[in-house]
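based on what follows, work out the 3D shape:
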Amino acid sequence: MTPRMTALFVLLVPAAIASWYLSRSGAQNESAQRASEPAHRGYYLKNARILGTGTDGALLYEIRASNAEQQADERIEFSNVEIAYTPASDVPWSVRARTATLYPDRPRVFLEGDVRASSNNGFSGKETEVLTQSMALDPEQYTAETEDRVYIRVGNQTLSGTGMLASLKDSQLEIKSNVSGRFSP
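Okay, here's the model as predicted:
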């Protein structure tokens with residue numbers, strides 16, 4: 001090996017070691033930074049079935065969904081959801097929607113997308129169907145509320161309006177404004 005090649009070798013080896021060391025310490029800093037960031041550790045369920053209890057601890061309602069996912073802020077998002085009261089609750093209603101959100105600090109379930117509440121023994125003891133785009137359901141208070149346009153069918157009669165407050169346990173309904181309907185004998 002010539003003296004020129006030896007000098008070049010002596011210069012290149014430390015440069016290679018220094019660049020390796022610098023790139024490695026940068027990667028360690030980056031991984032340490034990622035480790036300090038909070039990781040989202042929520043759950044994800046397919047064909048979910050969530051049971052809700054009343055104040056007495058007895059089973060009150062059931063939420064079924066094709067998917068349920070806990071988000072970073074602890075809320076739970078459902079897709080293709082159905083909420084039904086248990087027979088023991090004596091509330092003959094079920095509610096379906098494309099999506100629903102349940103917040104940990106709120107008793108209501110917020111439903112969106114083709115919301116349909118139905119009962120075979122609803123208002124006036126007749127088959128009843130309520131259609132809207134969004135609804136807030138408080139399953140423990142048996143209330144459903146919306147500010148959106150609502151379409152209601154009670155037997156052969158139909159009503160529509162804007163906004164609604166319903167008591168599902170008592171089968172009572174209040175349409176807030178713009179009421180129109182069709183009644184047949």
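
domain map for this protein?
Annotated domains of the chain cover 1-37, 44-182 [automatic domain parsing].

helices of this structure, start to end?
All helices of the chain, identified by DSSP state H, fall at 3-36.

least confident secondary structure element in it?
helix 3-36 (a mean of 61; mean pLDDT, DSSP states H and E).

where does pLDDT dip in the chain?
1, 3-16, 18, 20, 22-23, 25-41, 184-185 (pLDDT under 70).

ok, Ala48 - contacts?
Going by C-beta atoms under 8 Å, 6 or more residues apart in numbering, Ala48 touches 63-68, 78. For glycine as for every other residue, the C-beta is placed from the backbone atoms N, C-alpha and C.

can you count the residues close to Ser89?
By the measure other C-beta atoms under 10 Å, the count of residues near Ser89 is 18.

returning to what we had before: can you select the buried ones among the contacts of Ala48 for me in PyMOL?
The PyMOL command for the buried members of those (criterion: 16 or more other C-beta atoms under 10 Å) is given here:
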select buried, resi 63+64+65+68+78
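
nearest to Lys46 among the contacts of Ala48?
Asn67 (5.9 Å; C-beta to C-beta).

related to what we said a few turns ago, what's the most buried one of the domains of the chain?
The highest mean neighbour count among the domains of the chain, using mean count of other C-beta atoms under 10 Å, belongs to domain 44-182: a mean of 16.

could you tell me the end-to-end distance of that one?
Distance across domain 44-182, first residue to last, is 45 Å (C-alpha to C-alpha, to the nearest Å).
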